[in-house]
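J.: coords please:
(one chain, ligands or ions: 1)
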Amino acid sequence: MIRPILRVAFAALTAAISTGVAAQETTLRVVSAFAENTEYVKKLEVLIRKLNAEGKGVLQLNFIGGPKAMPPFEVGKAVQSGVVDIGMATGAFYTNIMPEADALKLTQVSMQEQRKNGAVDLINKIWNEKAGMQYIGRVIEYTPFHLYLNKKIDKPDLTGLKIRVTPVYRDFFAALGATVITTPPGEVYTALERGVVDGYGWPIQGIFDANWQEKTKYRVDPGFYSAEVSLVMNLGKWKSLSQPQRDLLMRQMIASEAENDSWKALNETDTKRQAQAGIQVITFDAATSKQYVDKAYNVAWDSMFKASPQYGPQMRKLFSK
Ligand code: 173
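T.: Sure thing, here's the model as predicted:
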């Protein structure tokens, strides 16, 4: 039994806490490094809609826009400095902050597993310490990257070819002999059209969003790595959120991750669409295919270990099957 006087004091205290929280609805500004019509932004919009419906009086997300609002390679810096609160980006787009960002493409276990096995804790340790960011969660899973070409190859040798890359593909394609040219997604179409590049790296899904199928003759199979697009948040802003605000954000993010299986169907649809668009598939024999994928991982982990002797090995252990 709580004595009456204490009960009154307790009631006053809880009322103060709850009005304190209720009086502080926080709105977070969100930008995307990917264009508004991409599947990534569609997923983000679903998350925002659900969060905003549930979060009245607590937390709201305000989507500012995509690459028209902010150049993709600047989203990381904008989150780090607090110009925006949340960025949807891929790690390759903010290696200008820390090399570790690009390691998320090397995960071979699901987000559910990463949340259990300590991978997400490690990511947050690194992202907090080196980037001033909190890692919120992942928008895409189960989706490999591929090499798309306009010149035919019969073995994994890109000597003499100019290939559009981001840090995702840079070391791998360079190791295969390519001349690599870094561009944001928004410059790929023109680079293909003008013949500035003979090919590009991109996930299996999404080449139709900016009509690249019009300028693409071949796709090389197999794919490699796991395309990564995630929400990252300014660390100071994250720390300033109340527990109910954080819980809401994380509950919605984890609910969204639980739907990441839907990428498998989207990938199948786009694979069929590519065939319908006349894109031919270049394949290698089984042994060569295995060497190709092994090389992709080995080259990437080698350079990650060099760039981050401290965290490279720890990430490999928790990210690998
Ligand atoms: O721009 C890119 O090719 C890239 O790095 C990327 C990363 C994740 C998803 C889509 C593209």
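J.: helices along the stretch 201-321 of the chain, start to end?
T.: Assigned by DSSP state H, counting those that start in this stretch, the helices in the stretch 201-321 of the chain fall at 235-240, 243-257, 262-276, 286-307, 312-319.
J.: with the stretch 51-200 of the chain instead?
T.: With DSSP H, counting those that start in this stretch as the definition, the stretch 51-200 of the chain shows helices at residue ranges 75-81, 111-117, 119-126, 167-175, 188-193.
J.: contacts only, for the spatially most central residue of the chain.
T.: With distances taken as CA atoms, centre = their mean, V229 lies nearest the centre of the chain, 1.3 Å away. Residues counted as contacts of V229 (CB atoms under 8 Å, 6 or more residues apart in numbering) are F34, Y40, M88, A89, T90, R138, V139, I140. (Glycine included, C-beta is placed from N, CA and C.)
J.: what's the nearest residue to M88 if we skip its chain neighbours?
T.: Spatially, and ignoring its direct neighbours in sequence, M88 is nearest to S32 (4.4 Å; CB to CB, 6 or more residues apart in numbering).
J.: state the distance from that neighbour to the ligand.
T.: From S32 across to the ligand, the span is 12 Å (CB to the nearest ligand atom, to the nearest Å).
J.: likewise for P184?
T.: Look at P184 and the ligand: by CB to the nearest ligand atom, they are 7 Å apart.
J.: my read is that that residue contacts P72, right?
T.: Yes. With contact defined as CB atoms under 8 Å, P184 counts as touching P72 (4.5 Å).
J.: comparing these two, which shows the higher neighbour count?
T.: For P184 versus P72, neighbours defined as other CB atoms under 10 Å are more numerous around P72 (24 against 16).
J.: what score does the more buried one have for pLDDT?
T.: Looking at P72, its pLDDT stands at 98.
J.: same check, this time on the one 10 residues further on
T.: In this model, G82 is scored at 98, pLDDT.
J.: neighbours of the nearest residue to it once chain neighbours are set aside, just the number please.
T.: Leaving out its chain neighbours, the residue that sits closest to G82 by CB to CB, 6+ apart is N234, at 4.6 Å. For N234, the neighbour count with other CB under 10 Å is 24.
J.: how close does the closest residue to the ligand within the stretch 201-321 of the chain sit to T271?
T.: Closest residue of the stretch 201-321 of the chain to the ligand, CB to the nearest ligand atom: A227 (4.3 Å). Here the distance between A227 and T271 works out to 14 Å (CB to CB, to the nearest Å).
J.: up against the ligand, what does the chain have?
T.: Near the ligand, the residues belonging to the chain are T90, A92, T166, V168, P185, G201, W202, P203, A227, E228, V229 when assessed by CB under 6 Å from any ligand atom.
J.: right, and Y225 touches T143 too?
T.: No. Proximity of Y225 to T143 does not meet the contact threshold set by CB under 8 Å, at 9.3 Å.
J.: what about stretch 182-193, start to end distance?
T.: 16 Å (CA to CA, to the nearest Å).
J.: again but with stretch 76-87, I slipped
T.: End-to-end distance of stretch 76-87: 7 Å, with CA to CA as the criterion.
J.: who touches that stretch?
T.: Residues contacting stretch 76-87 (CB under 8 Å, 6+ apart): 28-33, 61, 64, 70, 75, 89, 93-94, 96-97, 101, 131-133, 136, 231-234, 236-237.
J.: among those, which are in strands?
T.: Judged by DSSP state E, strands contain the following of the contacts of stretch 76-87: 28-32, 61, 64, 89, 133, 136, 231-234.
J.: show the buried residues in these.
T.: Buried subset of the ones in strands among the contacts of stretch 76-87 (neighbour count, 16 or more other CB atoms under 10 Å): 28-32, 61, 89, 133, 136, 231-234.
J.: got a list of what the residue in the stretch 151-300 of the chain positioned nearest to the ligand touches?
T.: Nearest residue of the stretch 151-300 of the chain to the ligand (CB to the nearest ligand atom) works out as T166 at 3.6 Å. Taking CB under 8 Å, 6+ apart as the criterion, T166 is in contact with T90, A92, F93, T182, T183, P184, G201.
J.: would you mind confirming that the second one makes contact with E100?
T.: No. Shown here, A92 and E100 do not form a contact pair, counting by CB under 8 Å, at 11.6 Å.
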